[in-house]
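In: Structure for the following, please:
(5 chains)
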Amino acid sequence: MILFVVILALLAAGVVAWASERLSKDAPRLVSIVAFGAGLIWSAALWLDGADAGGLYAAMDWPWIARFGIHLALEMDGLSLLMVALTMFLGIVAVVSSWDEIESGHGFFQFNILWVMAGVVGVFTAMDLLLFFFFWEVMLIPMYLLIAIWGHEEKAYASMKFFLFTQISGLLMLFAILALVYVHHGATGEITFSYKALLGTEIDPRIATWLMLGFFVAFATKLPSVPVHTWLPDAHTQAPTAGSVILAGILLKTGAYGIIRFAVPLFPEASADFALWAMLLGTVSILYGGAMAFSQSDFKRLVAYSSIAHMGFILLGVYAFNELGMQGAIVTMVAHGFSTAALFMMAGAIQQRLHTREMSEMGGLWTHAPRMGTMTLFFVIASVGMPGLGNFVGEFLALLGAFQENWLMAVVATAGIVVAAVYGLYLMQRSFQGTPNPDIASMRDFGLREMSVMAAMMAGLVWVGIYPQHVLELSNATIQTLGVLP
Amino acid sequence: MSAAEVWTLSAAEVWALAPYLALAGGIALLLLAVAALRSHRLAFWGAIATLAIPLAFVPTALGGGTQIVDDVLEIDGYALFFFVLFSLAAIATAVLSARYLGSRATHRQEFYLLLTTATLGAAVTAGASHFATFLMGLEVLSISLYAMIAYPEEGHPPLEAAAKYLILSGAASSTMLFGMALIYATSGSLNFEAAGDIAAGERNVLVLGQAMLLVGVFFKLSLVPFHMWTPDVYQGAPAPVTGFVATVSKGAVFAVLLRYAIDADLLSSPAVGIVIAVIAVLSMVVGNILALLQTNLKRLLAYSSIAHLGYLMIALVVAGTAAGRALGVESGLFYVAGYFLMTLAAFGVVTVLSNETDDADQISGYDGLLWRRPAIAAVLAAAALALAGIPLTVGFFAKFYLVAAGVGNAAWGLVWALIVGSAIGIYYYLRIVFAMTKRPEDDRPLEARRAPWEGLATVVLLGVLIVLLGIYPSPVIELIRELGGP
Amino acid sequence: MAIEVPVEQVLMVAAGLFLLGLLGVLVRRNIIFLLMSLEVMMNSAGLAFIAAGAKWGAPDGQIMFMLILALAAAEVAVALGLVLQISRRFDTLDVDAASELNG
Amino acid sequence: MLEYLWLVPALPLAGFFALFVTEGRLPDKIVAVIGAGSVGLAALVALGAGMEFVESGEASYAQVLWTWMAVGTFTPSITLYLDPLSLVMTGVITGVGFLIHLYATGYMWKDHEEPEGLSRFFAYMNLFVFAMLMLVLGDNLLVLFLGWEGVGLCSYLLIGFYHRDPENGYAARKAFVVTRVGDTLMAIGLFLLFRELGSLDIQTALGDAGGLDAGMATAIGLLLLGGAVGKSAQVPLQTWLPDAMAGPTPVSALIHAATMVTAGVYLIARMKGIYDLAPIAQLAVAIVGLVTLFISSFTALTQTDIKRILAYSTMSQIGYMFMALGVGAWSAGIFHLMTHAFFKALLFLASGSVILALHHEQDITKMGGLWRKLPVPFASMLIGSIALVAVPLTSGFYSKDAILLTAWEHDTGPWFWAGGVLAALMTALYTTRMMVVAFLGETKTESHDASRINMWGPLVVLAMLSIGGGWLTFSVLDDLLGAIDHIPHTHPAALVTVVLPLLGILLGYFVFSGRMNVNSLVESSLGGALRRFWQSGWAFDWVYDRAFVKPFLWVARVNKGDVVDLLFRITAAVTRGLHHIGALTQTGRLRWYAANMAIGLIVVVLIVASV
Amino acid sequence: MDLALFWIPAAVALVSTFLVITRRNAAHALIYLVVSLLSVAVIFFVLGAPFAAALEVVIYAGAIVVLFLFVVMMLNLGNTSVMRESRWLRPGMWVGPAILVSILLVTMVFLLSGLPDPGNTKGDMVGPKAVGNELFRPYLLAVELAGFLLLAALIGAYHLGRRYLEQRREP
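Out: A predicted model of the protein is given here:
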């Protein structure tokens, strides 16, 4: 019940934010901040309150479409809670990051942000496959609008590409969902979309592989993994800062979440057979994403490609089929949420100040804005995988897990951390270090508002980096119940 | 056969016929009224009453169960469902047309008469269980449509559209008639069910007859390769009439086709199955591809309707099998209902935005509509997204129903074609949405033409229904299930 | 007066008429001729119905023919109204010339 | 004091944190106090803890702070582990580190680009000390890896401290990336270790190591060696170190001479239990050391940049340490690590004073006759040099002697000894060259020594340690690390090691002061080619550039647009093409439409006729 | 021999229909159309449908063709239009459609010849009374609908034609 209320509250907040535009241009974003802040406090309260005996923090189950046995079933376990809390937090970050960037349509902008997040919360808590798909799609439209309306020069192309990729892969998933339901129907005579009911469905292995692929393609596209990643650089580059933050911080995680929650547990055998390929995709993503990141001259594009590389670790970890890998993937989800969101926020801040994302037009920015430089440095280092910060924990665990399963893949993937160093430091060099660009007279440094958000993200990364136990405990409860680990 | 027998209709039959009789009687009265008093207001309200009053008789007609009147008209839940649907669509068309035609024709009274006769024709077609009523219903509808399309008193496009439609439709009707004659020649009865009971040896002629009948029907449904008239007619016809053609005309033909397919066991012939499948796949693919870069909204919707009717063929194919009958019919009816809403909304928006002389049919004319006319833009966006099959709109559940039906009956090829078609389709539907979100390039004051309130109310109502049924479709689903199949 | 005729022969004649009408639709550009071709096609369908009716010795074929007759009359009425409008607005009866919608 | 062991790393971390949070808004004086003071305090705590530890007589002391993470059986904890080895390392890090920090307060006083530069400098330096301490105190390989990466990061930050010059940035990145190649191997080593032994706790793992089969042990040993090679600038990952001299000189002294670059030595010594099981891996360690030693000492001979000479010298000295570990002279290797820290830090700091006095002139051929004008740096350099050359009774002599004598007795014969001795001769040659060219001869430049007590004070202390460090700490180390097998110095081999350096000094003096003409030899075509080859660092950079950097850049340039995207672009283009073709069919011609219907009719009829 | 009674009017119908679609003068074509319709009426009669035959003559050949004739005369499609038709009707244009139609002819004939026995018409007369009885009982609704069909046509033609007449008067 409370979960549905939260989703509705976010949706309602969106409407309120839109309507409040008439009051002042600050009103919509205050509404957003209050909404996300309340959501964050609520998540924290749930966390402190602890789970019930079944490991759940909240749950509900209402009939929705009786004809197909579709339920409005929402549940929040440890992993969901973790992701929802991250969602709320990054919601605040997103609002702050686009504070000065948006010049018109403030109300509608916040409306879209809130609606994306409502969809995301739904995705993270849905316990009915159709409901999941429903939310999966619901978050698309506002995201599309964020890019299409407030994006940069190539927004038409980028937003369309984003939508097409996710939607087409989503159709495959829908197809697979329906096929799964009918296989279940054939076996039990019951039509249901309930996740739990479908979990143990006996499927002909050949069909199972195809159905699993239906899910996998959708999630891999969202993740994204090579070779279906090419929407991401365009979408990120063109999106407004808040869009990039949400996209990188949260939306990509829905892909990872989908793999962990659906693709693998629903088809354990097929997934196990597919593990090698998935790990291969992960490895290729790590290396190819890294190499592509280095190729870029556009700040945001570089960060976007680096996301692809980081998401490769998630594939690698999940398909290692052991606790280490799975936990590594989950920690990576959280840590990457912070580090990449921060880097995109930085990219947005620079673009807003210099009206360019081209690093060849930057250089020596540290002189003008040491705080921004320091922050960039911190998050670059985090994403390079420095021990003591969250990303390291995730990537190390993922690799460690993967190594148990397939040492060769893990070894090749480990080379990715060298590539990460190459592009990460090159990013730093071309933007903030080096000879100051004489064309740039001055650049406003970060103020209190930006710094407080940055500080929060830094704290988050350090927290996850030196004491990831909180995250691990939350996700552990979920991992144990998925029933896919030996 | 005594004279007394001629007029014997049982009370139950009379009650079943009541909606039709009311409509027919209303038309007669309206004709007299219009002839006596040439008042637009009278004609308009008369038409509304003529269309609305019969609806009051529908519940009683439903209560009487299935009544087969004179062996030619089967009045059951199925027929009455379409009766209601057509009447409502006609009312919407009347409301939308009132002001639209004001600047295009000096006399508008005849239009309402034509609209009501067309509705009567469509309603009869949907109830036809016999070739005579099939033919008459369809032609009453078609003849009315020719005149409605050519209704505006100036300009080339309406005339050209009407001429093309008339000639091609005439040829198609002839083909269909010839087919009927061949079927009659083999079966000896003009009743639908008779064609199902043919001995195997006679199939040759029967199949030729069915093929020719289907060709005629395919033409009316604008399936590839009998689709070419569609964009020209849609573009040339007055916008509200286009909406009517796209919905009521298609709906009526689909209704009778579905009934015929089930009564005559059409799909028992593998050849017919192949024909329908091929035509359906072609329609999905070709329709979507033709719409891809279309710049004229009416043409775009025309091509999209080609694809949608292709999708609808899945329902036909599924309903044609004994196992899938119930699901197939349900999915077909739900799809038609959803399609009515989306299409009427889309053409309603075009109508509302059209000025005294020109239709608002260039997509470029929709640039920035979201900022000028948020409500109308939202309706069009909802319609476009519904046509694309995105959740939160009725279009999603419509498509979901079809895919469920297809998957449930292993119509894999058709489902795949639907997925491919939808994938292509997303592109052009989103183009509409994107155009509306464009920011005005310069600071010119945003022109805000006054929208007629009744038109606005209509499209907003349609938009709200699209979304409401996109969130909670159960009532309609349950209704359709209660009505049962033909 | 009536004689027994193999139905398929009648149907073939009807098919021949139907196809001639179709040929006319495919070839002619003058809308008047197109309408005449349509009449031929409808008439051929009527012939087919009469033949089928004669095969079963039932009046249904003739009734269908009469309905077709009504249809033909109705269609011609509206069509000729259109022809008048076309000749006025386009100043031609050539359907190709009166073709502005495409793409 | 032992229970306050956690303060040792915590204090520099706190210093870093204070400087980081205040964003350079503190006055420089307070910055200097925090920067140097935090390390000084850490040194004091370390001293106290160390003394208590030695007195206690325990073999080790572990302080568990918290469990880092717990995933299944993988439960690395953050534990500080003190044993003789880490105690020595801690002493060097905090002690020498404090001296260098102190020196830096003078050296860096005005020598930074931005107002907050000093604060940034000390923040990085403190962070480095923290990371280095975690490296040596961590009881878990993951904690060690944290320190390992942390020092690499600080090295990167400090090499690129003067960030406006892109060259420095390049050098910094090169250092980070090249060492990361090693780190990667090490990480893989950790994965393998965990898979085989189920734990990354060093003591637990070493305790269970007996169960490893030899092949696995060798693999782990080689992988860890890979990490060590990267961090300690050994062949084949040595190329970053000379470029790293772009950093401020105190950085070179602390990171690239005294502490970080010896982390590889520490790692191998720490993982002795593994190498004991893997003779092949241990032999590889020795070979790596010998080869590096050889290559870098020849290269040092041809360099003209004073800091690059010292850098190559560092490489070669670490080569000695590797060789020591490889031939089984575990204690001697660590001993040399310590003495090297003293004299090499001294050399760097002294050269820093020279450089500062000459306004950042580093080319020794442009110096000359400096001994008169810069007496304190000269004296320091001289003391450092003789220790480096291992003149008897200096600290370097004792440690190097111990290494070479163990090498003499190595199973494979005296090959390692021979190489070491030859390199010792080379060491003497290039050191003498440096001293002669820079300090003797004619005066070529203006200079003024502006150093104050905070700069020459550390020089004096380090000079004393360089001389006396050998015998002062000898007995202590013996206790701590286990006795070094002393071979009597009357042994012929020992005699050679004593005499050869002295010969080298003499030879060098005559050659480089111009008293002995070797021009014909140097200017012969072979000599010239050889000199250029040596000067380029044996062309490693050239090869790597062509083998790795250029291809990578080429791919990056060619594939900037992402070749995978072509797949989707082509799909889109084909669809669009189909649309255009399809649109052509919509001619608007009625007869064409009718013809298509006829075709459709034919197709439908044909289908039904044929099925 | 009896079949001749069928085949003679059939041949006339086919030939005259061919002439309909090939004429250049609309009036000539209409005359041939009348011939074709009359031949079909004869066939109806031969097949035992005298009432249909009568309607064919009265309504088709009479009313509908006359309607055509009126329009042709109203639009004054004289010699100029014949010349225009010649221009539009190049021989080459027949090729494609003729091929299409031939293919259809072959297929349809092939399929139609498969009609099994008894393939003959009954040879009975089905007179007006029988037709009328059917028409006004089971087909009553269809007849009513035919009324609405004609009503719709009437309204449509009225709307289109009125505008023609009104607009003609304007200039």
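In: residues contacting A:Gly447?
Out: Neighbour list for A:Gly447: empty [criterion: C-beta atoms under 8 Å, 6 or more residues apart in numbering or on different chains]. C-beta coordinates here come from the backbone N, C-alpha and C atoms, glycine included.
In: Likewise for B:Ile432?
Out: By C-beta under 8 Å, 6+ apart, the residues touching B:Ile432 are B:Leu297, B:Leu300, B:Ile363, B:Tyr366, B:Leu380, B:Ala381, B:Ala384.
In: among these, which two are most distant?
Out: B:Leu300 and B:Ala381 (14.6 Å; C-beta to C-beta).
In: can you tell me which helix in chain C is longest?
Out: As assigned by DSSP state H, the longest helix anywhere in chain C is helix C:60-89.
In: returning to what we had before: for the contacts of B:Ile432, give me TSV that also has secondary structure, pLDDT and neighbour count.
Out: Converted to TSV, those look like this (DSSP: H, G, I helix; E, B strand; the rest coil; pLDDT from 0 to 100; neighbours: other C-beta atoms under 10 Å in any protein chain shown):
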residue	secondary structure	pLDDT	neighbour count
B:Leu297	helix	94	29
B:Leu300	helix	95	27
B:Ile363	helix	89	19
B:Tyr366	helix	89	27
B:Leu380	helix	95	28
B:Ala381	helix	94	25
B:Ala384	helix	95	29
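In: and chain E, which of these contact it?
Out: When contact is defined as C-beta under 8 Å from any C-beta of the partner chain, the contacts of B:Ile432 do not meet chain E at all.
In: which residue is nearest the centroid of chain D?
Out: Nearest to the geometric centre of chain D sits D:Val261, at 2.9 Å (C-alpha atoms, centre = their mean).
In: can you tell me which residues contact that residue?
Out: D:Val261 makes contact with D:Lys231, D:Ser232, D:Ala233, D:Leu241, D:Ile255, D:Thr314, D:Ile318, according to C-beta under 8 Å, 6+ apart.
In: quick one: which of these is nearest to chain B?
Out: Taking C-beta to the nearest C-beta as the measure, chain B lies nearest D:Lys231 of the contacts of D:Val261, at 51.8 Å.
In: Measure how buried the closest one is and give me the count.
Out: Residues near D:Lys231, counting by other C-beta atoms under 10 Å in any protein chain shown, number 30.
In: Same question for B:Arg373.
Out: A total of 23 residues lie near B:Arg373 under the criterion other C-beta under 10 Å.
In: One more: D:Ser60?
Out: Going by other C-beta under 10 Å, the residues that sit close to D:Ser60 add up to 14.
In: List the contacts of it.
Out: D:Ser60 is in contact with D:Tyr81, D:Leu82, D:Asp83, D:Gln203, counting by C-beta under 8 Å, 6+ apart.
In: Can you list the residue ranges for helices in the stretch 301-450 of chain B?
Out: B:325-353, B:369-372, B:374-388, B:394-408, B:412-437 (DSSP state H, counting those that start in this stretch).
In: anything in the second one near chain A?
Out: In this case it means helix B:369-372. Yes - residues of helix B:369-372 contacting chain A under C-beta under 8 Å from any C-beta: B:Leu370, B:Trp371.
In: what about the residue in the stretch 201-350 of chain B that chain E sits nearest to, distance to A:Tyr319?
Out: Nearest to chain E in the stretch 201-350 of chain B, going by C-beta to the nearest C-beta, is B:Asn204, at a distance of 3.5 Å. Applying C-beta to C-beta, to the nearest Å, the value for B:Asn204 to A:Tyr319 is 58 Å.
In: Could you check which of those two is surrounded by more residues?
Out: Neighbour comparison, B:Asn204 and A:Tyr319: the larger count goes to A:Tyr319, with 30 against 20 (by other C-beta under 10 Å).
In: wait, the more buried one sits on A:Met326?
Out: No - using C-beta atoms under 8 Å, A:Tyr319 is not in contact with A:Met326, being 9.5 Å away.
In: circling back: looking at the contacts of D:Ser60, which is nearest chain A?
Out: For the contacts of D:Ser60, the residue nearest chain A by C-beta to the nearest C-beta is D:Tyr81; the value is 17.3 Å.
In: what's near enough to touch the closest one?
Out: Counted by C-beta under 8 Å, 6+ apart, D:Tyr81 has contacts D:Ser60, D:Tyr61, D:Ala62, D:Gln63, D:Leu137, D:Gly138, D:Asp139, D:Ile202, D:Gln203.
In: quick check, stretch D:222-233 touching chain A?
Out: No - judged by C-beta under 8 Å from any C-beta, stretch D:222-233 stays clear of chain A, getting no closer than 9.7 Å.
In: for stretch D:541-556, same thing?
Out: Yes - contact of stretch D:541-556 with chain A (C-beta under 8 Å from any C-beta) involves D:Phe552, D:Val555, D:Ala556.
In: Quickly find the element holding the first one.
Out: Yep, that's D:Phe552 we're talking about. Counting by DSSP states H and E, the element that carries D:Phe552 is helix D:550-558.
In: tell me what that helix is packed against?
Out: The contact analysis (3 or more C-beta pairs under 8 Å, 6 or more residues apart in numbering or on different chains; DSSP states H and E) places helix D:550-558 against helix A:268-295.
In: nearest residue to residue 19 other than its sequence neighbours?
Out: In the absence of a named chain, chain A is used. Nearest residue to A:Ala19, sequence neighbours excluded (C-beta to C-beta, 6 or more residues apart in numbering or on different chains): A:Gly107, at 6.9 Å.
In: that's the wrong chain, I meant chain E
Out: E:Tyr32 (4.3 Å).
In: State the distance from the one you found to E:Ile21.
Out: From E:Tyr32 to E:Ile21 the distance is 9 Å (C-beta to C-beta).
In: who's more crowded, the two?
Out: Remark: of E:Tyr32 and E:Ile21, E:Ile21 carries more neighbours, 24 against 19, as counted by other C-beta under 10 Å.
In: How about the contacts made by the more buried one?
Out: C:Leu20, C:Gly21, C:Leu23, C:Gly24, C:Val27, C:Arg28, C:Phe33, C:Met36, C:Ser37, C:Val40, E:Ala29.
In: E:Met125: which of the helices of the stretch 301-450 of chain B is closest?
Out: So among these, helix B:325-353 is nearest, using C-beta to C-beta, at 43.5 Å.
In: how big is the angle separating the closest one from helix B:412-437?
Out: 20 degrees (axes from the mean of the first three to the mean of the last three C-alpha atoms, to 10 degrees).
In: Now do the buried residues in helix B:325-353.
Out: Residues of helix B:325-353 classed as buried: B:325, B:327-353 (neighbour count, 16 or more other C-beta atoms under 10 Å in any protein chain shown).
In: what stretches of the chain score poorly on pLDDT?
Out: If you meant another chain, say so; for now it's chain A. Applying pLDDT under 70 to chain A flags residues A:486.
In: Hmm, no, I was thinking of chain D.
Out: For chain D, the stretches with pLDDT under 70 are D:112, D:449-451, D:471-490.
In: do the same with chain C
Out: Applying pLDDT under 70 to chain C picks out residues C:1.
In: re earlier: show me what the helix or strand harbouring the residue nearest to A:Ala19 packs onto, helices and strands only.
Out: Element membership of A:Gly107 [criterion: DSSP H and E] is helix A:106-125. Helix A:106-125 is packed against helix A:2-19, helix A:26-49, strand A:70-77, helix A:78-97, helix A:129-138, helix A:140-150, helix A:241-246, helix A:252-258, with contacts defined by 3+ C-beta pairs under 8 Å, 6+ apart.
In: Alright, that wraps it up for me.
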